[in-house]
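Asks: Let me see the structure of the following:
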Amino acid sequence: MSCWAGSPRRFGRVEPRQRAKALVHGLLADLPRKNCWTIAEHAGDPNPDGMQHLLARAVWDEDAVRDDVRGYLVEHLGDPAAVLVIDETGDLKKGTGTAGVQRQYTGTAGRVENAQVGFATKPALATAMVARALDAGVPAAWVTGEEVYGACPGLRAALEARGIGYVLAVACDHLVRAGGVTQRADALLRCVPARAWQCVSAGRGANGHRHYDWAFLRLDDGKQVAQHWLLVRRHQRTGELAFYRCFMPHPVPLAALVRVAGRRWTIEERFQTNKGLVGLDQHQVRRWRSWHRWVTLAMLAHAFPVVTAVTEHARHPPPGLISLTCNELQHLFAALVAVPLADPDTDCAGRCGGADTKPAPAPATTDDKPPPGNHEARLPAVTGWPAGQGARAAAPPTLPRHTVGAAAVACAHAQEPGEESGAMNRER
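Replies: Here you go, the predicted structure:
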């Protein structure tokens, strides 16, 4: 992947860099579960020790790799009018030995569960992360988040000091000051006339546009250019209310505030995609450093299909063809780049699964047979699919005509596409 080009200098030795590439390839492969065991098998390793060493003890700068991923995304997706969405996610856990695990509320389950959520308060983490992103030059005009962030005066003050607008949810009993009086947010509804409500879409959802009734009240005295408002959302059928504290460095229409508020749900989609596509929550590690490194490499793996999908959409596919999704690009990458290594026991390519899922081994031969245990010597026969060569390599899949262009995009974004990939079924 092109974002990997800036990462070699983040590793003190070539071994952890190659191991990290193998882990990222495993995260993008079609594996039923993604952890050190399955990814080690995919890379052709006899055990997960190398992958576990990479996450726990190897010397490399995971924070610099994270910054490289951020720079790669800003280069391709950066927008001065962008909205930074603050949210958290949790990983459900069975035991209590993993860092950050305890019984706590997690949105993943929607209830109090044994889960791994975080290692500091949510507003403190959000303030630090937003400051780090803005200090690094990430272009953004707005920030949005749920109630726990809207209730934090330190986060709101930090954003106002930087001139960044925000639309942050608050609870109905959140105290706001308007007209020299401090009162609950829901108490201000008596100041909203019936004609003030406007029907505006908060963006598209699974069932089309999400229309709500909206109204907003100014909280400051109106003497400053920057403005503070209370935004109120009302469900058209149930009458359920939601409240948002808003700051605008300069006046904007109501539709602009609604658009920012509606972007908050996109982070939930990204979390689910990241977990399902690259195994964000399947790490099976105990220590904080291992978890941090896993998440960093998972974000690197996820960045590739996201940027490639946006690039493909910008090229406007021919009429009648739908735009490629991240899931389709991941499958293309797994088929064209993350090719299974040859199994040293059967000498044939195979994926994780039962023995009946592997192709029959090639006829026995001593021609160009690599020495035992030398997995790297098998790579040239697996990666390039040259005509008439690579008898032990899996044949490339037959792709529909309309996917050829996307396959070229996937390969164009992949540096050294044939290295360190494969999945084998081993008895442990």
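Asks: What segments of this protein are helices?
Replies: Per DSSP state H, the chain carries helices over the ranges 14-27, 36-43, 49-56, 62-77, 122-135, 147-150, 153-162, 254-262, 266-278, 288-314, 326-336, 379-383, 404-412.
Asks: Give me the distance between the nearest residue to residue 12 once chain neighbours are set aside and residue 20.
Replies: Closest residue to residue 12 apart from its sequence neighbours, by Cβ to Cβ, 6 or more residues apart in numbering: residue 59 at 4.8 Å. All C-beta spots, glycine's among them, are computed from the backbone N, C-alpha and C. Going from residue 59 to residue 20 by Cβ to Cβ, to the nearest Å gives 12 Å.
Asks: Now the common contact residues for these two.
Replies: By Cβ atoms under 8 Å, 6 or more residues apart in numbering, residue 59 and residue 20 have these common neighbours: residue 11.
Asks: Compare neighbour counts for these two and give me the winner.
Replies: A direct count of neighbours by other Cβ atoms under 10 Å for residue 59 and residue 20 places residue 20 higher, at 26 against 8.
Asks: Let me see the confidence value for residue 342.
Replies: With respect to pLDDT, residue 342 has a value of 52.
Asks: Pick out the residue nearest the middle of this protein.
Replies: residue 274 (4.5 Å; Cα atoms, centre = their mean).
Asks: Which residues are in contact with it?
Replies: Contacts of residue 274 (Cβ under 8 Å, 6+ apart): 280, 298-299, 302.
Asks: Please apply the same query to residue 313.
Replies: Residue 313 neighbours (Cβ under 8 Å, 6+ apart): 323-324.
Asks: Export the strand ranked longest in the chain to CSV, keeping only CA atoms.
Replies: Counting by DSSP state E, the longest strand found in the chain is strand 208-218. The C-alpha trace of strand 208-218 is given here as CSV (Å, rounded to 0.1, in the frame of the first residue of the first chain):
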residue,chain,number,x,y,z
GLY,A,208,-33.7,7.1,2.9
HIS,A,209,-33.5,10.6,4.2
ARG,A,210,-33.8,11.1,8.0
HIS,A,211,-36.3,13.9,8.4
TYR,A,212,-36.8,15.6,11.7
ASP,A,213,-38.3,18.9,13.0
TRP,A,214,-35.6,21.3,14.1
ALA,A,215,-35.5,24.6,16.0
PHE,A,216,-32.7,26.7,17.5
LEU,A,217,-32.3,29.3,20.2
ARG,A,218,-29.5,31.8,20.6
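Asks: Make sure the residue nearest to residue 12 is actually in contact with residue 16.
Replies: Yes - using Cβ atoms under 8 Å, residue 59 is in contact with residue 16, at 7.0 Å.
Asks: domain parsing for this structure?
Replies: According to automatic domain parsing, the chain comprises the domains 2-67+272-412, 79-268.
Asks: which ones are touching residue 137?
Replies: Contacts for residue 137 were tallied using Cβ under 8 Å, 6+ apart; they are residue 74.
Asks: Tell me the spacing between it and residue 282.
Replies: Distance from residue 137 to residue 282, by Cβ to Cβ: 32 Å.
Asks: Below-threshold pLDDT in the stretch 101-250 of the chain: ranges please.
Replies: 104-110, 116-119 (pLDDT under 70).
Asks: in it, which spans are strands?
Replies: 101-106, 111-116, 142-145, 165-170, 175-178, 181-184, 198-205, 208-218, 227-234, 241-248 (DSSP state E, counting those that start in this stretch).
Asks: Neighbouring strands - and their directions - for the second one?
Replies: So the one you mean is strand 111-116. Using DSSP bridges, the strands paired with strand 111-116 are strand 91-92 (antiparallel), strand 101-106 (antiparallel).
Asks: of all the domains of the chain, which lies closest to residue 73?
Replies: domain 2-67+272-412 (5.7 Å; Cβ to Cβ).
Asks: Point out where the stretch 251-400 of the chain drops to low pLDDT.
Replies: Using pLDDT under 70, the stretch 251-400 of the chain drops low at 317-318, 338-400.
Asks: The closest residue to residue 259 other than its chain neighbours: how many residues sit nearby?
Replies: The shortest distance from residue 259 to any non-neighbouring residue, by Cβ to Cβ, 6+ apart, is to residue 203 (7.0 Å). Using other Cβ under 10 Å as the criterion, residue 203 is surrounded by 14 other residues.
Asks: Residue 183 too?
Replies: 12.
Asks: what's across from it in the sheet?
Replies: residue 176.
Asks: What of residue 218?
Replies: Using DSSP bridges, the beta-bridge partners of residue 218 come out as residue 229.
Asks: how close does it get to residue 82?
Replies: Here residue 218 is placed at a distance of 26 Å from residue 82 (Cβ to Cβ).
Asks: Neighbour count for the two, which is higher?
Replies: residue 82 (16 against 13).
Asks: give the contact list for the closest residue to the more buried one other than its chain neighbours.
Replies: Of all residues not flanking residue 82 in the chain, residue 140 sits nearest, at 4.6 Å (Cβ to Cβ, 6+ apart). Residues near residue 140 by Cβ under 8 Å, 6+ apart: 80, 82-84, 133-134, 164.
Asks: Determine which two of the residues you listed are furthest apart.
Replies: Every pair of the contacts of residue 140 checked by Cβ to Cβ; the farthest is 80 and 133, at 14.0 Å.
Asks: More neighbours: the two, which one.
Replies: Each of residue 80 and residue 133 has its neighbours counted (other Cβ under 10 Å); residue 133 has more, 16 against 7.
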